[in-house]
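Student: below is the sequence, then the predicted model.
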Amino acid sequence: MLTLVRARHKAGKAGEPLPTAFPALEKAGVHIRRGQLTLIAAGSGTGKSAFATTIAVRAEVPTLYFSADSDAFTQYTRLGAMLTDSPVWAVEKDMDNGRSVHYDTQINNLDFMRWDFEAQPALDNIDLDIRAFGYMYGCWPHLIIIDNIKNVWTESENENNRYSEIIDYLHELARKTGAAVIALHHLTGEYDDGIKPAPMSALLGKVSKIPAMILTLHKEGNADFENLKLNVSIVKNRGGKADPSGQWFISLPANLEYMRIG
């Protein structure tokens, strides 16, 4: 047993926010904190992976990204676009024509990021990778991204129980490592098109009790990417203002063809 003051000092940097990726969100009281679990939920194709990747790139801290939902080719084209201000289709075309050295150079500059592309990682495998990261670099990751919960494998046959087991594990992982853990998640069918604000109750598996912060995303604008906004609803925030209905949101300018947000 510890006094609260001693426990706080023993926790090191736990509770401190990562360097901000989106000043508008920081102004609204949104902070991705070390030692805590943040859940980001949205419909398919809304931009949650691009949102999480942008956080990682701009934070510039040791990061381990579990990309179960997207393969290495997809993540490469997205990062290539993001880092060179090129459309994703142009990156793909250059790759097809053997002109990827420029993208290789830019992506290799992100030497603080490491990736795991197992399509259905089990919790034990996630744990092994994090331990390997610690042995190799002499520290735990400062940021761990799970993309996404639906792809993580457990032995539970009940989907809701499986989600709860994963969330419990990630919560403990954040406490144990002091890392900011971001988990991406899906919403119920009514909100899966990603075009209207999603409340906290729309989370698949109703896993809202454990995370310290929950953000839901939806898009607003033209289908051809012009004048697109990525709206971030702050539905749970232990450190500040939140609205579980999802109706209070911060709008970020976005161009997902170029992987630009904010």
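Tutor: Okay, I see it. This is a predicted model, so every value here is computed, not measured.
Student: next one: whichever strand or helix holds V235 to chain centre, how far?
Tutor: With elements taken from DSSP states H and E, the one containing V235 is strand 228-237. Its chain's average C-alpha position is 13 Å from that of strand 228-237, according to Cα atoms, centre = their mean, to the nearest Å.
Student: what does stretch 21-34 give?
Tutor: 14 Å.
Student: same question for it, mean pLDDT?
Tutor: Mean pLDDT, stretch 21-34: 96.
Student: buried residues in it, which are they?
Tutor: For stretch 21-34, the neighbour count (16 or more other Cβ atoms under 10 Å) marks A21, F22, L25, A28, V30, H31, I32, R33, R34 as buried. Any C-beta I mention is one placed from the backbone N, CA and C, and that applies to glycine too.
Student: what's the answer for stretch 50-67, then?
Tutor: Neighbour-count burial for stretch 50-67 flags 50-57, 59, 61-67 (criterion: 16+ other Cβ under 10 Å).
Student: again, but for stretch 233-252
Tutor: S233, I234, V235, K236, N237, A242, D243, P244, G246, F249, I250, L252.
Student: endpoints of it, how far apart?
Tutor: End-to-end distance of stretch 233-252: 11 Å, with Cα to Cα, to the nearest Å as the criterion.
Student: go on, stretch 39-59?
Tutor: 17 Å.
Student: for stretch 199-218, same thing?
Tutor: Terminal residues of stretch 199-218 lie 11 Å apart, using Cα to Cα.
Student: do the same with stretch 38-57
Tutor: One end of stretch 38-57 to the other measures 17 Å (Cα to Cα).
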